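*Asks:* sequence first, then the predicted structure:
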Amino acid sequence: MTEQEFRDNAEAAIEALKRSLYDAEGDADIEVEESGGALQVNFEDGARFVVSPNAPVKQIWISALATSFKLDWNGQTFVLSKTGENLKALLSRLINQQLGAEVVSLR
């Protein structure tokens, strides 16, 4: 994958994620912000998750729950190779884990 292909795929994935997160704001105590191509998910308790593209390694990184999750492009979507979860499924799980309840399902 070329750097431009990565950028195009990452931008599309993050834009779709952003729309899903905005929809989820009404269901959960989260606030979504966009800054410089990255998304921040802020929680009422002060916790924050960051989703950002990392062009040099062609991955999307999620910083959440004191861990860095690195998702690779599988030809169709960005996935966490360890679990097989795609970007939205992984972030849904992490948000629900932070909230302590199953309130978010990103589509």
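*Replies:* Sure, I can see it. Keep in mind that this is a model prediction, so the values were computed, not measured.

*Asks:* which parts of stretch 43-61 are buried?
*Replies:* For stretch 43-61, burial by neighbour count (16 or more other C-beta atoms under 10 Å) applies to F49, V51, S52, P53, K58, Q59, I60, W61. Heads up, the C-betas are built off the backbone N, CA and C, glycines and all.

*Asks:* what's the first-to-last distance across it?
*Replies:* 19 Å (C-alpha to C-alpha, to the nearest Å).

*Asks:* could you do stretch 56-65 as well?
*Replies:* First-to-last residue span, stretch 56-65, C-alpha to C-alpha: 24 Å.

*Asks:* other SSEs contacting the one helix or strand D72 maps to?
*Replies:* Assigned by DSSP states H and E, D72 falls within strand 67-73. Here strand 67-73 touches strand 59-64, strand 78-80, helix 87-99, going by 3 or more C-beta pairs under 8 Å, 6 or more residues apart in numbering; DSSP states H and E.

*Asks:* try 10 Å this time
*Replies:* helix 3-24, strand 48-54, strand 59-64, strand 78-80, strand 85-86, helix 87-99 (3 or more C-beta pairs under 10 Å, 6 or more residues apart in numbering; DSSP states H and E).

*Asks:* so what strands line up beside that strand?
*Replies:* strand 59-64 (antiparallel), strand 78-80 (antiparallel) (DSSP bridges).

*Asks:* would you mark the buried spots in it?
*Replies:* Neighbour count says strand 67-73 has F69, L71, W73 buried, by 16+ other C-beta under 10 Å.

*Asks:* just those residues now: which is nearest T2?
*Replies:* W73 (11.5 Å; C-beta to C-beta).

*Asks:* related to what we said a few turns ago, and the angle from the strand holding D72 to strand 48-54?
*Replies:* Between strand 67-73 and strand 48-54, the angle comes out at 40 degrees (axes from the mean of the first three to the mean of the last three C-alpha atoms, to 10 degrees).
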